[in-house]
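Colleague: Generate a structure from the sequence data that follows.
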Amino acid sequence: MPTVSKGDGMRGLAVFISDIRNCKSKEAEIKRINKELANIRSKFKGDKALDGYSKKKYVCKLLFIFLLGHDIDFGHMEAVNLLSSNKYTEKQIGYLFISVLVNSNSDLIRLINNGIKNDLASRNPTFMNLALHCIANVGSREMAEAFAFEIPSILVAGDTMDSVKQSAALCLLRLNRTSPDLVPMGEWTARVVHLLNDQHLGVVTAATSLITTLAQKSPDDFKTSISLAVARLSRIVTSASIDLQDYTYYFVAAPWLSVKLLRLLQCYPPPEDAALRSRLTECLETILNKAQEPPKSKKVQHSNAKNAVLFEAISLIIHHDSEPTLLVRACNQLGQFLQHRETNLRYLALESMCTLASSEFSHEAVKTHIDTVINALKTERDVSVRQRAVDLLYAMCDRSNAKQIVAEMLSYLETADYSIREEIVLKVAILAEKYAVDYTWYVDTILNLIRVAGDYVSEEVWYRVIQIVINRDDVQGYAAKTVFEALQAPACHENLVKVGGYILGEFGNLIAGDSRSSPLVQFNLLHSKFHLCSVPTRALLLSAYIKFINLFPEVKATIQDVLRSDSQLRNADVELQQRAVEYLKLSCIASTDILATVLEEMPPFPERESSILAKLKKKKGPGKLPDIDDNRRNVNGSSEHSENTDTTSKSSPSLLEDLLPTDRPRPSSCSPAILAARTMASAHPFTDILNLNSTPSTGPNLLVDVFSDSSTSASVDVSEDNFSRFVCKNNGVIYENQLLQIGLKSEYRQNLGRIYVFYGNKTSTQFLSFSSFVTTSDILKSQLNVHAKTVDPVIEGGAQVQQILNIECVSDFIDAPVLNIQFRYGGTLQNIAVKLPVMLNKFFQPTEMTSQDFFQRWKQLGAPQQEVQKIFKAQHPMDTDVTKAKILGFGVALLDGVDPNPANFVGAGVIHTKSTQVGCLLRLEPNAQAQMYRLTLRTSRESVSQRLCELLGEQF
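Modeller: Purely as a prediction, here's the structure:
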């Protein structure tokens, strides 16, 4: 930029600014400004033509007055006239005034555009930069229409100077953000990618920002940028700081460019080319290695730049989710930051580890830092860091550490900030239910939750306790005893009274044999809380009283006296008065048999999706909740959700199976007549938890309108890109393009499965007429039942919606169902077809076996048609831990100490179908020297052996 000589200093402007600063009051300042405005107005209106210096000086004064907060309604034309000056300082002031004061709807835009065009055509780099900066600063739609075609040609022209290329790239980026529909995609897009090879790193930095934004809009047009970005990143991370002196920031080579390149790579899946993928892996490993090196400077700028690159590299590793070694290393690196003295680093580490915890490859590594996270929860001063620690504990929780994490959360809850207490309560309730092996522990946990933070326990939480107690006979007596003891405290929270009233009303007879909890004692205990409660709780207690009359005839007279009292029969609240009258009349005129029928125990609640989890997701917002629904496998090969229970005879409550229907009456508002009707109506056999027997939704009409713009799924290419990645994992992104991201969370139990499909709108525009359905081949229809629930027809920009697919395996199968998606984006109908990762191995039940049992069964399956063997070359590094994780993810139990050769892997499991069960034994023999594997599978069915061998063989 040209230097400003002393002659360009504006003495009149300096004097005016000094006068303003010396004003003693606001009135004096306004008086001085009005005087100056009058002087400037007279100068502009005078007959004598002003020279360029005077215009510049007066325009500067107007700009200064505007920055002080005063309105300026003249001088715009003089500023526009400055654009035609050949002096840099005058042209600069003109552009500055226009950038700050000119409205995009101004009548002067046409004149301004003409001035800008003249400067862009001048080929004077200084004037071109000023013009480009002005376009970017104003960024109006009119300017986009005028220059959207001209700026790309300047950007890719061979004779354009580097500084102008930088400005052109950033100007085009600004126009793309303000008016994306006006920025053309044409021949220049292929040429702009090659700017990543430019020798000037400033040009590369600006071009990377532009390409990243454009790649999110049209990824296919910029796919060639992947190899160039990896090559440039490789040169940066392997260079010494002295190699890039102009772009080295506190001994960190080009940190801003490195971050931008890593973000660009996050627009795409892992490179398919093996050499390119290996080079990218080396870059990421180098960045992780540099993070372990001693700092080259003690200044905070050095650590900030170094960590910025590191965290962006970790984000890319998490985005790819394909390199177990890198994921574990990233987790260990983040673990070191958990105790760093910088608060921001601790926050970012916790946030990133929340994402890592949902990956099957790094979940175990995240769990090793549980003590550090718990310590952060107890000692951290910053509330936002404590919030992230709670999120991470929630995300890393599984069956092995659930009791410890729940206990720590409860302990923290007593001193937690009020703003996050409700969220912690919901998370504790979810974890306690999800990982409850012993439901007495679950009851204790929820009651403790009510005691510690009763005001923050929502209705969904205490409803859920009642559902589980009603649905599980083995916990009813314990629950009645526990709430009875809890109610004896002098001060009880009202939510505890609600739970106690409901449970004692239903199951108080189970503890009535003890004189310390006799019927009269139970009634007196509940009634002692009656006058301290709100109207809804009193209504619930009255329902508990009438239940007592049915359970304990000996307290009938006592309860009738209470119901007859004026405080009940003449209560100002109509609900309480009606209940008292109805219950009293019912107890007087109804026979014992009628009472027993009307007031019998509530039937088991039907299975429904978790209302607690839905409330937590609503509170956190879409996409903010750490994932704990994935079917992570523990060390003995069993699934977190797999239990040896018959799902057709007894339900096992989980996050995915909420027992509370949304249309069920609240426990506090059930009058006896309604209770009777609902009791009889609910006396039905146990409902299929996955609704597999329900009538499928009507498919598309056989008569297709050939004139409509809708197309059948047959004409759409089925995406299978990520299909094989899901053989040994149950969650992740199955499909992604510039508009839509489709993620899956799956769980399987015996021959039943459930897939949660998440559709994420990556744009800022609504998806309209959104629909999805599953198609299967004719053969597969008889082997696999798939039922898809409806999905919201509109997906807001940046939002995410969920669809549930219920699956039943009827018999062994080879093919996979296809998920078909249709929606309108910008008036255009989009059709997408994705192959769903439903494979035979998903219906494995891991089986633990001793060495003797294994070899005995191995010999029994010795027929030639029962064994399939495959010898193949390793496609990935032969890492023992990764191999174990893949075998466990495949679904079988990994049997240690069975094979005489400790290097071999042995597994066992049972494939569950509706028609039969197929036992499976596998043996994987790695040969590290030859980089080869031998995989042997033996099952009782030849087709099963063949299919399982094909699926597992592709993973190594």
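Colleague: Quickly note the distance from residue 821 to residue 730.
Modeller: 21 Å (Cβ to Cβ, to the nearest Å). C-beta: built from backbone N, CA, C; applies to glycine.
Colleague: which non-adjacent residue is nearest residue 128?
Modeller: Once flanking residues are discounted, residue 128 sits nearest to residue 164: 5.0 Å by Cβ to Cβ, 6 or more residues apart in numbering.
Colleague: One more: residue 273?
Modeller: residue 227 is the one closest to residue 273 (Cβ to Cβ, 6+ apart), at 7.6 Å.
Colleague: ok, back up a step: pretty sure the residue nearest to residue 128 is touching residue 130, no?
Modeller: No. Counting by Cβ atoms under 8 Å, residue 164 stays clear of residue 130, with 10.7 Å between them.
Colleague: circling back: as PDB, could you dump the C-alpha coordinates of the helix or strand harbouring the residue nearest to residue 128?
Modeller: Per DSSP states H and E: residue 164 is located in helix 162-178. Output in PDB follows, covering the C-alpha atoms of helix 162-178 (Å, rounded to 0.1, in the frame of the first residue of the first chain):
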ATOM      1  CA  ASP A 162      -0.800 -12.100  -5.600                       C
ATOM      2  CA  SER A 163      -2.300  -9.400  -3.400                       C
ATOM      3  CA  VAL A 164      -5.200  -8.900  -5.900                       C
ATOM      4  CA  LYS A 165      -5.800 -12.700  -6.000                       C
ATOM      5  CA  GLN A 166      -6.100 -12.700  -2.200                       C
ATOM      6  CA  SER A 167      -8.600  -9.900  -2.300                       C
ATOM      7  CA  ALA A 168     -10.500 -11.400  -5.200                       C
ATOM      8  CA  ALA A 169     -10.800 -14.800  -3.400                       C
ATOM      9  CA  LEU A 170     -12.100 -13.200  -0.200                       C
ATOM     10  CA  CYS A 171     -14.400 -10.900  -2.100                       C
ATOM     11  CA  LEU A 172     -15.900 -13.800  -3.900                       C
ATOM     12  CA  LEU A 173     -16.300 -15.700  -0.600                       C
ATOM     13  CA  ARG A 174     -18.200 -12.700   0.800                       C
ATOM     14  CA  LEU A 175     -20.500 -12.600  -2.200                       C
ATOM     15  CA  ASN A 176     -21.100 -16.300  -2.000                       C
ATOM     16  CA  ARG A 177     -22.200 -15.900   1.600                       C
ATOM     17  CA  THR A 178     -24.600 -13.000   0.900                       C
END
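Colleague: that older thread, would you confirm that the residue nearest to residue 273 belongs to a helix?
Modeller: Yes. Counting by DSSP: H, G, I helix; E, B strand; the rest coil, residue 227 is part of a helix.
Colleague: residues in contact with it?
Modeller: By Cβ atoms under 8 Å, 6 or more residues apart in numbering, residue 227 lies in contact with 271, 273, 276.
Colleague: Reformat those residues as CSV; add secondary structure and pLDDT.
Modeller: Formatted as CSV, the contacts of residue 227 follow (DSSP: H, G, I helix; E, B strand; the rest coil; pLDDT from 0 to 100):
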residue, secondary structure, pLDDT
271, coil, 88
273, coil, 88
276, helix, 91
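Colleague: Kindly indicate which of those lies nearest residue 343.
Modeller: Using Cβ to Cβ, residue 271 is the member of the contacts of residue 227 that sits closest to residue 343, with 36.1 Å.
Colleague: Please name the nearest non-neighbouring residue to the closest one.
Modeller: residue 277 (4.6 Å).
Colleague: Check the burial of that neighbour by counting its neighbours.
Modeller: Residues near residue 277, counting by other Cβ atoms under 10 Å, number 16.
Colleague: Ok, residue 950 next?
Modeller: 16.
Colleague: what do you get for residue 314?
Modeller: 28.
Colleague: my read: it touches residue 352, true?
Modeller: Yes. Counting by Cβ under 8 Å, residue 314 touches residue 352, with 5.7 Å between them.
Colleague: which neighbours do those two share?
Modeller: What both residue 314 and residue 352 touch, as defined by Cβ under 8 Å, 6+ apart, is the set 330, 334.
Colleague: Report the buried residues of the helix holding residue 164.
Modeller: Across helix 162-178, burial judged by 16 or more other Cβ atoms under 10 Å covers 163-176, 178.
Colleague: next one: stretch 508-526
Modeller: In stretch 508-526, counting by 16+ other Cβ under 10 Å, buried: 508-512, 517-519, 521-523, 525-526.
Colleague: Among those, which one lies nearest to residue 147?
Modeller: The closest of those, once distances to residue 147 are taken by Cβ to Cβ, is residue 526, at 77.4 Å.
Colleague: No more questions from me, cheers.
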